[in-house]
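Here is my input, please return the structure:
(one chain, ligands or ions: 2)
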Amino acid sequence: MKVVITGAAGQISYSLIPFLCEKGIFNSEEKLDLALVEIPGAMERLDGFVKELEDSAYSTVNTISTYDNIQDAVVDADWCLLVGSIPRGIVLNGKEIKERSDLLKINGGIFTEQGKAIGEKAKDNCKVLVVGNPANTNALIGYSNSSNKDHLWMAMTMLDGLRAKAQLSQKLNCHVDDIYRLAIFGNHSPTMFPDLENTNVNGKNAYELINDHAWVKNEYLPRIQQRGAEIIKARGASSASSAARAACDTVKAVEHPTRSGDVFNAAILSDGSYGIPEGIFSGFPLISDGSGNIEIVRDFNLSDFAKSKLEITANELLEERDLVQELI
Ligand code: NAD
Ligand code: LMR
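Ligands and ions are numbered 1, 2, ... in the order given. The predicted structure is shown next:
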């Protein structure tokens, strides 16, 4: 099982790779061949991390290799986790990068090269998760540049889903595992829409249990939508431990069958479901059969309020797509 991770010396990877090496993440008895990718200037830092991974003596791991180029790393890859890119919140050329979309021009180029290499060299059943921001449009760039349309390309919205569950569990005083069918629609950005109208908690409708539309609209939604910015402000760096948890959870969600009556969150290429235009990567409620097949769950009932929110986030994704026309 060959797993490629880019940005392997960065902060997310420092938590993500140990998570991936725990037992039970992949639905296979095969041991892991880790292919860790960095820019040339970060190879020494990566070598230090590799020493720590070696010292962890994971029984799940077969080999650990490092690469300073994507082409060699992705040969025969089963999974590619594309984390490597610049986060917002930092100052670049004297200007603070405030929104994830401000990263489009900076990070977009990375994904043309990576998409090409994965399309040419990864295994035919390769699965790709884009974590680097702006994740949805980076996934579109990578997918568009890949010659292999059989690969499953996803962008990460799992973190938004976990945040949405955590906040809901606090409101309803329930355990996060009691929450089913909490879907994140749209972009991993402040326009994302966490839907509570189709969410169940211990068999009851979450929206009815809350019974307070003003709280959902004015408190819950902005809290989830702005959580990344809140963490950057408090920590002085973007979320890393939780992002790593979410990336690992996405791999696990694809690798194993979804529990009955539930969904998991990732952004995939839209097929027009729920009125989200084709040709953009949008968050949808998904299920996996645990054998590499995932599909959109199509029985969510959306109110006019929800539909208006989906339109806003879809329009933002269309605008982002327009901005990277030359890359796709
Ligand atoms: P980081 O700066 O700590 O690490 C990024 C690493 O990527 C660095 O080590 C850098 O050298 C490397 N890198 C840059 N370009 C590369 C390339 N072309 N190939 C390989 N490696 C490359 O950043 P981080 O905190 O780990 O965050 C990484 C990305 O993940 C950021 O874009 C961040 O905004 C994003 N992110 C996404 C989510 C999400 O929910 N989708 C959540 C958190 C963070
Ligand atoms: C997050 O949601 O925490 C990440 O996308 C990082 C960011 O820029 O907010």
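
if I look at Ala42, how far off is Asn301?
Using CB to CB, to the nearest Å, Ala42 is found at 47 Å from Asn301. Where C-beta positions appear, they are placed from N, C-alpha and C, glycine not excepted.

Counting neighbours, go ahead and name the busier of those two.
Ala42 (17 against 8; other CB atoms under 10 Å).

Checking the more buried one next. Helix, strand or coil?
helix (DSSP: H, G, I helix; E, B strand; the rest coil).

for Thr66, same thing?
Applying three-state DSSP: Thr66 is strand.

what number of residues lie near the closest residue to it other than its chain neighbours?
Spatially, and ignoring its direct neighbours in sequence, Thr66 is nearest to Leu36 (5.0 Å; CB to CB, 6 or more residues apart in numbering). A count of nearby residues for Leu36, using other CB under 10 Å, gives 24.

With Lys98 instead?
11.

Which residue is the nearest non-sequential neighbour of Ser101?
Nearest residue to Ser101, sequence neighbours excluded (CB to CB, 6+ apart): Pro134, at 5.4 Å.

give me every residue that touches that neighbour.
Arg100, Ser101, Leu103, Leu104, Asn107, Asn187, His188, Ser189, Glu320 (CB atoms under 8 Å, 6 or more residues apart in numbering).

let's see 7 Å
When contacts are counted by CB atoms under 7 Å, 6 or more residues apart in numbering, Pro134 touches Arg100, Ser101, Leu103, Leu104, Ser189, Glu320.

Kindly report the same for Ile287.
Thr258, Val263, Ile294, Glu295, Val297.

Try it again at 10 Å.
253, 257-264, 293-297 (CB atoms under 10 Å, 6 or more residues apart in numbering).

Confirm it sits in a strand?
Yes. The assignment for Ile287 by three-state DSSP puts it in a strand.

That one pairs with what?
Counting by DSSP bridges, Ile287 forms beta bridges with Glu295.

Tell me how far it lies from Ala243.
In terms of CB to CB, Ile287 sits 23 Å off from Ala243.

Could you list the residues of the stretch 1-150 of the chain in contact with ligand 2?
Contact residues, the stretch 1-150 of the chain versus ligand 2 (CB under 6 Å from any ligand atom): Pro87, Arg88, Arg100, Asn133.

so, if you compare those, which one comes nearest to Phe111?
Asn133 (11.1 Å; CB to CB).

Which helix or which strand is home to the closest one?
Assigned by DSSP states H and E, Asn133 belongs to no helix or strand.

Quick check: mean pLDDT of whichever helix in the chain runs longest?
As assigned by DSSP state H, the longest helix anywhere in the chain is helix 304-323. Averaging pLDDT along helix 304-323 gives 97.

quick one: is it near ligand 1?
No. Using CB under 6 Å from any ligand atom, helix 304-323 never reaches ligand 1; the gap is at least 14.0 Å.

List, one by one, the residues from this structure near ligand 1.
6-7, 9-12, 37-39, 42, 83-88, 110, 131-133, 135, 156, 159, 188, 238-240, 243.

Helix, strand, or coil at the closest residue to ligand 2 within the chain?
Closest to ligand 2 within the chain is Gly228: 2.2 Å, counting by CB to the nearest ligand atom. Three-state assignment for Gly228 (three-state DSSP): helix.

which non-adjacent residue is nearest it?
Closest to Gly228 by CB to CB, 6+ apart is Ser239, at 6.2 Å.

Report pLDDT for the one you found.
97.

and what of Pro87?
So Pro87 comes in at 82 (pLDDT).

How about Arg100?
For Arg100, pLDDT reads 78.
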